[in-house]
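In: Predicted coordinates and the sequence they were generated for:
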Amino acid sequence: QQKVQQSPESLIVPEGGMASLNCTSSDRNVDYFWWYRQHSGKSPKMLMSIFSNGEKEEGRFTVHLNKASLHTSLHIRDSQPSDSALYLCAAANYNVLYFGSGTKLTVEP
Amino acid sequence: AQTIHQWPVAEIKAVGSPLSLGCTIKGKSSPNLYWYWQATGGTLQQLFYSITVGQVESVVQLNLSASRPKDDQFILSTEKLLLSHSGFYLCAWSLNRGDAEQFFGPGTRLTVL
């Protein structure tokens, strides 16, 4: 059973729109959450991290975390075609990082 | 600045043949090092991690082994490849802290025929 579940599997938003991605861990031992972005054929690059309950904003990107439910979400406002990629949620338990299967985001011009 | 290099960039190998993939980190001493595998269209899975030279912990059993012969080097290997070993292999490093971000290398694309 996967320890990190992401939804939706794929998402299409118009340019300038809002994209909302979800992630939940089934492992109560995880302590830290990250969001990575992976373009096709490339390695993942970290977008944002969140370790405490609440919200964190960086530019067009906002992440939320609810540690009680082990749920995190990533919101991208004013989406751009260059945001089209696979978005990976990851949760850490000590030195082990568990990734979800990702949300494929397509931003249509 | 830290740089992470993986070799080879891509490899095509026969089933049953041996494999050795390498990773080096420059500009950072005593990093944590990690190996990941991603099947085409699949989930990124952590295979091994190492917090110090000569010490490697296995996370997922895939008939692969890893070694850390030097502080800045991490090697992934097997004596006998399976078709299921095909995929994208990524090396990553981080500081030795639980909340440390992992930085990924460019990856090695492996095709087993």
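Out: Great, that's in hand.
In: And the closest residue to residue B:76 other than its chain neighbours, how far from chain A?
Out: Using C-beta to C-beta, 6 or more residues apart in numbering or on different chains and skipping residues adjacent in sequence, the residue nearest residue B:76 is residue B:21, 4.4 Å away. Yep, even glycine has a C-beta here, placed from its N, CA and C like the rest. For residue B:21, the distance to chain A equals 14 Å [C-beta to the nearest C-beta, to the nearest Å].
In: for the record, mean pLDDT for the strand or helix carrying residue B:21?
Out: Residue B:21 belongs to strand B:19-26 when assigned by DSSP states H and E. For strand B:19-26, mean pLDDT is 97.
In: Helix or strand next in line after it, which one?
Out: strand B:32-38.
In: what's the burial count for the closest residue to residue A:51 other than its chain neighbours?
Out: Counting by C-beta to C-beta, 6+ apart, residue A:51 lies nearest to residue A:32, which is 5.0 Å off, once chain neighbours are set aside. Other residues near residue A:32 come to 19 when the count uses other C-beta atoms under 10 Å in any protein chain shown.
In: got the contact list for the residue nearest to residue B:76?
Out: Contacts for residue B:21 (C-beta atoms under 8 Å, 6 or more residues apart in numbering or on different chains) come out as B:6, B:7, B:8, B:11, B:75, B:76, B:77, B:89, B:108, B:110.
In: which residues does the most centrally placed residue in chain B contact?
Out: Central residue of chain B (C-alpha atoms, centre = their mean): residue B:35, 3.1 Å from the mean position. By C-beta under 8 Å, 6+ apart, residue B:35 lies in contact with B:23, B:46, B:47, B:48, B:49, B:66, B:74, B:76, B:89, B:90, B:91.
In: Mark which of these are buried, thanks.
Out: Among the contacts of residue B:35, the ones that count as buried by 16 or more other C-beta atoms under 10 Å in any protein chain shown are B:23, B:46, B:47, B:48, B:49, B:66, B:74, B:76, B:89, B:90, B:91.
In: just checking, the fourth one touches residue B:56?
Out: I take that to be residue B:48. Yes: the criterion here is C-beta atoms under 8 Å, and residue B:48 meets it with residue B:56 at 5.4 Å.
In: where in chain B is pLDDT low?
Out: Counting by pLDDT under 70, chain B shows no low-confidence range.
In: Where do the strands of it begin and end?
Out: B:3-7, B:10-13, B:19-26, B:32-38, B:45-52, B:55-58, B:65-70, B:73-78, B:87-94, B:103-104, B:108-112 (DSSP state E).
In: so which of these comes closest to residue A:51?
Out: strand B:87-94 (14.5 Å; C-beta to C-beta).
In: Show me what the closest one is packed against.
Out: strand B:3-7, strand B:19-26, strand B:32-38, strand B:73-78, strand B:103-104, strand B:108-112 (3 or more C-beta pairs under 8 Å, 6 or more residues apart in numbering or on different chains; DSSP states H and E).
In: Nothing else from me, thank you.
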